[in-house]
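Peer 1: Let me see the structure of the following:
(one chain, ligands or ions: 1)
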Amino acid sequence: MAADFGYLKEEIEKTSAAGAAYLHFDVMDGLFVPSISFGMPVLQSIKKYTDQVMDVHLMIQEPIRYVEDFASAGADIITVHYEACENLKETIAKIRAVGKKVGVSIKPGTPVTVIEEFLSDIDMLLIMTVEPGFGGQSFIPESLERIKEAREIMEKNARQIDIEVDGGIYLHNIEEVLAAGANVIVAGSAVFKGDATKNVKDFMEILGGD
Ligand SMILES: O=C(CO)[C@@H](O)[C@H](O)COP(=O)(O)O
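Peer 2: Below is the predicted model of the structure:
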C-alpha cells in the first residue's frame, strides 16, 4: 500500500531483487477500516511479475466472503482479522479448504490471549503495531509486550507459528521487535519512501538475508 501505484511493477521488482521474500498486500474495504485500497484484480496483475510470497492482509468485514476470490487471484497466505469475523473457525477452515496458509490478525486493543484457542489451526499471528487503516503511523510501544506475550502463549502450548508485525516498523526499531519474538516483518513507508532497493537491502542486513 505504501508503493507508488503508478509504478507498481517497478517498485515491486526492486523489493524482490533486493531480497524481500514476501509482498504484503493490504486490502481495505472502507468498513472494517476507514480507507479503501485495492482488491483481487490488482493482486492478479502483480502475481504475473513476481515470485514473492503473496501475503494478503484482509482488513475487511466478514472476509470469509472473499477467501476463494483472493485464493484464485494469487494469495499464498490469507490473513483475516479476529475482530472482523463472526465465525473465525469457519473462516480459517475456508482458507485451509482452498489450500492457502492461514493468518489471523489482532488490532492493538484486542487481548493477545484470544488467539490461544485458534493456535493449532493457524500458520501466522499478525500483531498490528498501529491501528489498521493507514500507513505512516508511529509504532505503538506497548506492542513489544504483546509480541512477547504471544511467544509465551506459543511456548506454553508447544506450538511455534510465525509472528508478523505490521505498522511503524523502521530500521531503528526492527531489532526490538525481533528480540521480542516477531519473525515476519512488514515495512511500508520504511521501504517505499525513498530508495526501495537500498531500504530493503538495509533491512536484509539486519535480518540476515532469510
Ligand atoms: O496494514 C497496515 C495499515 O493498516 C500496514 O501495512 C501499514 O500500511 C504499514 O505501513 P507503515 O506503517 O510501515 O508505513
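Peer 1: Okay, the residue of the chain found nearest the ligand and residue 68: tell me how far apart.
Peer 2: Nearest to the ligand in the chain, going by CB to the nearest ligand atom, is residue 188, at a distance of 2.8 Å. Where you see a C-beta, it was placed from the backbone N, CA and C, and this is true even at glycine. Separation of residue 188 from residue 68 (CB to CB, to the nearest Å): 27 Å.
Peer 1: likewise residue 127?
Peer 2: Taken as CB to CB, the span from residue 127 to residue 68 is 27 Å.
Peer 1: low-scoring pLDDT stretches of this protein, where are they?
Peer 2: Scanning the chain for pLDDT under 70 picks out the ranges 209-210.
Peer 1: Which one's more surrounded, residue 127 and residue 68?
Peer 2: Shown here are residue 127 and residue 68; by other CB atoms under 10 Å, residue 127 has more neighbours (25 against 13).
Peer 1: Which residues does the one helix or strand that one maps to contact?
Peer 2: Under the criterion of DSSP states H and E, residue 127 resides in strand 124-128. With contacts defined as CB atoms under 8 Å, 6 or more residues apart in numbering, strand 124-128 is touched by 57, 77, 79, 101-108, 112, 115, 143, 146-147, 150, 161-167, 182, 184.
Peer 1: Which strands border that strand, and is each parallel or antiparallel?
Peer 2: If you go by DSSP bridges, strand 124-128 pairs up with strand 101-106 (parallel), strand 162-166 (parallel).
Peer 1: Does it reach the ligand?
Peer 2: No: if you take CB under 6 Å from any ligand atom as the test, strand 124-128 misses the ligand, and the best it gets is 7.0 Å.
Peer 1: now stretch 21-35
Peer 2: Yes: using CB under 6 Å from any ligand atom, stretch 21-35 reaches the ligand at 24, 26.
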